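In: got a predicted structure plus its sequence, pasted below:
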Amino acid sequence: MSTLLSARRVVVTQRFFDAQARAFLEQHGCTVSEVELPAGVADGDLGVDVLRRHLEGAQGWIVGHARVDDELLRALPALRVIARRGVGHERVDQDAVRRHGKVATIAAGGNDAAVADHAIALMLAVGRRLHEARAQLVAGDWSIPLATELYRKTVGVVGLGRIGRGVVRRLRGFEARVLIATPERDEAFAAEQGARFVGLDELLACADIVSLHAPLTPATHSLIDAAALTRMKRGAILVNTARGGLVDDAALLAALEEGRLGGAGLDVFESEADPGLQAVTHALLRLPQVVATPHAGASTAESLARTNLIAARCVVQVLDGQTPAAECLLADGRSPNLSR
């Protein structure tokens, strides 16, 4: 093996990096270092100094939720590629990636099915009041909470990326009436799925369930704020498997406590990015009509295997001087012609 190949060190700062993805990297001349994280700690909790120590001399980095910014990249001159094992990229400073001549990728297509399944699961769990029913049983109370069906309900899907499309397809099995709010309309897809494009205000006013699948950008931050929650149907359910910042969690808490909404299914929270809002998160978790999970929508064995392998392939492609697939390429600083 050449010195060039043997020098290709890849650091993984995510849990559940499987043997197949590791073997793929090793078969392509990479040495793999997996960072052991303490229980309850994710790579997004690690400081710049800690990350720099782990990544010093590495050419590739498979990352979860750590912030990739100018300060960190400046300290890592050997690093060539940052591969997110996921699709969200609000913590990656794309301009900094380009300025430092590096490449950043996402694992597009790897977790779509898992998150779409999770969104449907939350709709069902909140509507059927599973959290409340279990709590009653544990307390020895066998009375039956009156639930509601997903069958033939009006469901509003906000955002129509890969996951949003997966949710729309799954809703056909429930004979749901689907409304979609998104800036870019794919009329052929809507016609094929029996869905209809509407404005956000109409969606909020008509939907029995609102499911969020938009990216977090300055334009979508607090998209569902107090005013938007007021426009929702009384008794409606809000599901968020996208990003916490899409929802004003304090306003959601108030709407639930006042009984204006019927419930919420939450996989993401504002406090993930702002620890000062942890009290709001804990208050939401205490509500019986809230079904919550710890940003676990993408975390199935199948999904992680897919995203691990996609991230590994992106790393190898960059280290080989190639360009990853367009849907995976987030920022490319090797040449102005390759940046997007």
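Out: Okay, I see it.

In: and the contacts of stretch 94-102?
Out: Residues from elsewhere that reach stretch 94-102 (CB atoms under 8 Å, 6 or more residues apart in numbering): 68-70, 73-74, 79-82, 103-104, 330-334, 339. Where you see a C-beta, it was placed from the backbone N, CA and C, and this is true even at glycine.

In: drop anything exposed from these.
Out: 68, 73, 79-82, 103-104, 330-334, 339 (16 or more other CB atoms under 10 Å).

In: which of the contacts of stretch 94-102 fall in helices?
Out: Those of the contacts of stretch 94-102 mapping onto helices are 70, 73-74, per DSSP state H.

In: residue 278: which of these is nearest?
Out: Nearest to residue 278 among the ones in helices among the contacts of stretch 94-102: residue 70, at 27.9 Å, using CB to CB.

In: neighbours around the closest residue to that closest one other than its chain neighbours, how many?
Out: Of all residues not flanking residue 70 in the chain, residue 96 sits nearest, at 4.1 Å (CB to CB, 6 or more residues apart in numbering). The number of residues packed around residue 96, counting by other CB atoms under 10 Å, is 19.

In: ok so residue 96 is a strand residue?
Out: No. Secondary structure of residue 96 (DSSP: H, G, I helix; E, B strand; the rest coil): helix, not part of a strand.

In: gap between it and residue 89?
Out: 12 Å (CB to CB, to the nearest Å).

In: you'd agree residue 271 is up against residue 280?
Out: Yes. Here residue 271 lies in contact with residue 280, judged by CB atoms under 8 Å, at a distance of 6.7 Å.

In: find residues that contact each of these two.
Out: Common contact partners of residue 271 and residue 280 (CB under 8 Å, 6+ apart): residue 249.

In: looking at those two, which is more packed in?
Out: Neighbours were tallied for residue 271 and for residue 280 using other CB under 10 Å; the higher tally belongs to residue 280 (20 against 17).

In: toward the C-terminus, what is the element adjacent to the host helix or strand of the more buried one?
Out: According to DSSP states H and E, residue 280 maps onto helix 278-286. Sequence order places strand 290-292 as the next helix or strand after helix 278-286, per DSSP H and E.

In: how about the strands in this structure?
Out: 8-12, 30-34, 60-63, 81-84, 103-105, 154-158, 177-181, 196-197, 209-212, 237-240, 263-266, 290-292, 329-332 (DSSP state E).

In: averaged pLDDT, the fifth one. What do you get?
Out: Looking back up the chat, that one is strand 103-105. Averaged over strand 103-105, pLDDT sits at 98.

In: how far away from the center of its chain is it?
Out: On the basis of CA atoms, centre = their mean, to the nearest Å, strand 103-105 sits 18 Å off its chain's mean C-alpha point.

In: using PDB, list the CA coordinates for stretch 48-60.
Out: Extracted as PDB, the C-alpha positions of stretch 48-60 are listed here (Å, rounded to 0.1, in the frame of the first residue of the first chain):
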ATOM      1  CA  VAL A  48     -13.500  23.200  19.700                       C
ATOM      2  CA  ASP A  49     -10.400  22.200  21.600                       C
ATOM      3  CA  VAL A  50     -11.600  18.700  22.200                       C
ATOM      4  CA  LEU A  51     -12.600  18.300  18.500                       C
ATOM      5  CA  ARG A  52      -9.300  19.700  17.400                       C
ATOM      6  CA  ARG A  53      -7.400  17.100  19.500                       C
ATOM      7  CA  HIS A  54      -9.400  14.200  18.000                       C
ATOM      8  CA  LEU A  55      -9.200  15.500  14.400                       C
ATOM      9  CA  GLU A  56      -5.600  16.600  14.400                       C
ATOM     10  CA  GLY A  57      -3.900  15.200  11.300                       C
ATOM     11  CA  ALA A  58      -7.100  13.600  10.000                       C
ATOM     12  CA  GLN A  59      -8.000  14.000   6.300                       C
ATOM     13  CA  GLY A  60     -11.700  12.900   6.700                       C
END
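
In: what lies in contact with it?
Out: So stretch 48-60 is contacted by 7-11, 13, 30, 33, 35, 43, 46, 61, 66, 71-72, 75-76, 78-81, 83, 315, 318-319 (CB under 8 Å, 6+ apart).
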